[in-house]
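> just coords:
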């Protein structure tokens, strides 16, 4: 793939407050988890960028980082464009900032949006899913394509998706979104075959922008001003106005929960996923990786899929 019109926005603006104590014990200092290496070697944002190889061209990757986060990169150059957000106002403004930079360059772009702090493996499976999501977004231009993880338990901290009607390929319509349900609700969702919301989406950039405008028109209007300023040398001057009275908003709650009729879900069968929001999830994923290393055939390809996923 990685052809004309396909972009990626990588969200790396979080401050990692939930894992602060755990990371301080592991690394000796508090840094956001996306800049940490938990299994040795590559950091989480490095792994995220590696998953995009062969999917989206490096010069069409936009990484949205937090203010002052460059110091956590240690002088390392990430693929593509590095955009430092003026302030952290949640995932929705982070996505709009990345989209503004995409739309300023290529208004007809298809865009893949993914957080930088998720665990996914194997590498090949993740790349295939990203390609499928982008291809579906290009074909079904009025919908948002969402990757849904196949649950391994009734996790109440995740968002849940009720699949609807089976569509072409592995796709389904969406009946319902439910963010962070009660324990009892999560148990019911798990039994009924719901999926986890990964917040990894693909869409026509302009489609996502206009859907967002329907629900948060004031927020999108501010980023419209920024989008027009991009490339004209006065982005930094306008940023304080854009962010000044901007409310914090979460992409899943502010938008996804409200537009099941505009969403298609692709189940991520064959790919292990976790958002690594709690120490227990990190440890469980690392234990699972050790198990895979012990039981998979010891071929170079199999080892690479585990170590670099």
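Perfect, I can see it now. Remember, it's a predicted structure, so these values are computed and weren't measured experimentally.

> this protein: strands as residue ranges?
6-12, 61-65, 81-84, 110-115, 119-121, 144-149, 160-166, 172-178, 195-204, 263-267, 272-274 (DSSP state E).

> who does the first one pair up with?
Spelled out, that is strand 6-12. Here strand 6-12 is paired, per DSSP bridges, with strand 61-65 (parallel), strand 110-115 (parallel).

> find the nearest non-adjacent residue to residue 153, please.
Ranked by C-beta to C-beta, 6 or more residues apart in numbering and with sequence neighbours excluded, the top spatial neighbour of residue 153 is residue 190, at 6.6 Å. For the C-beta atoms, the positions are set from N, CA and C on the backbone; glycine is no exception.

> from residue 160, how far off is that neighbour?
8 Å (C-beta to C-beta, to the nearest Å).

> quick one: which of the two has more around it?
The neighbour comparison of residue 190 against residue 160 (other C-beta atoms under 10 Å) goes to residue 160, with 25 against 16.

> check contacts around the more buried one.
177-179, 181, 186, 189, 194-197 (C-beta atoms under 8 Å, 6 or more residues apart in numbering).

> of all those residues, which comes closest to residue 152?
residue 196 (9.3 Å; C-beta to C-beta).

> I'd say that closest one and residue 159 touch.
Yes: the pair residue 196 / residue 159 is scored as a contact, 6.9 Å apart, by C-beta atoms under 8 Å.

> related to what we said a few turns ago, could the strands paired with strand 6-12 be laid out in a markdown table, adding mean pLDDT, distance to residue 246 and mean neighbour count?
Converted to a markdown table, the strands paired with strand 6-12 look like this (pLDDT from 0 to 100; distance: least, C-beta to C-beta, whole Å; neighbours: other C-beta atoms under 10 Å):
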| stretch | mean pLDDT | distance to residue 246 | mean neighbour count |
| --- | --- | --- | --- |
| strand 61-65 | 97 | 14 | 24 |
| strand 110-115 | 98 | 19 | 26 |
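
> adding distance to residue 32, write those strands out as a markdown table.
Putting the strands paired with strand 6-12 into a markdown table (distance: least, C-beta to C-beta, whole Å) gives the following:
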| stretch | distance to residue 32 |
| --- | --- |
| strand 61-65 | 9 |
| strand 110-115 | 12 |
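
> coming back round to it: flag the least confident of the contacts of residue 160.
Going through the contacts of residue 160 one by one, the lowest pLDDT turns up at residue 179, 87.

> beta partners of the residue nearest the centre of the chain?
Note on the chain: the residue nearest the mean C-alpha position is residue 114, at 2.0 Å, using C-alpha atoms, centre = their mean. Beta-bridge partners for residue 114, by DSSP bridges, are residue 10.

> need the contact list for it.
8-11, 48, 51, 130, 199-200.

> against residue 215, how distant is it?
Distance from residue 114 to residue 215, by C-beta to C-beta: 21 Å.

> please apply the same query to residue 91.
With C-beta to C-beta as the criterion, residue 91 and residue 215 are 14 Å apart.

> now do residue 45
29 Å.

> the more surrounded of these two?
Shown here are residue 45 and residue 215; by other C-beta under 10 Å, residue 45 has more neighbours (25 against 15).

> my guess is that one meets residue 78, correct?
Yes: using C-beta under 8 Å, residue 45 is in contact with residue 78, at 7.0 Å.

> overlap in contacts of these two?
Common contacts of residue 45 and residue 78 (C-beta under 8 Å, 6+ apart): residue 63.

> distance from the chain centre to stretch 29-41, please.
Stretch 29-41 sits 18 Å away from the centroid of its parent chain (C-alpha atoms, centre = their mean, to the nearest Å).

> buried sites along that stretch?
For stretch 29-41, a neighbour-count test (16 or more other C-beta atoms under 10 Å) marks 31-36, 38 as buried.

> output the residues you listed as a markdown table; include the columns pLDDT.
Shown next, in a markdown table, are the buried residues of stretch 29-41 (pLDDT from 0 to 100):
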| residue | pLDDT |
| --- | --- |
| 31 | 91 |
| 32 | 93 |
| 33 | 92 |
| 34 | 94 |
| 35 | 93 |
| 36 | 91 |
| 38 | 83 |
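
> compile the residues you listed into TSV and extend it with columns for distance to residue 226.
Shown next, in TSV, are the buried residues of stretch 29-41 (distance: C-beta to C-beta, whole Å):
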residue	distance to residue 226
31	28
32	23
33	27
34	23
35	25
36	30
38	34
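
> quick one on the thing from earlier: and the pLDDT at the residue nearest to residue 153?
Taking residue 190 on its own, its pLDDT is 96.

> since that was my last question, I'll sign off now.
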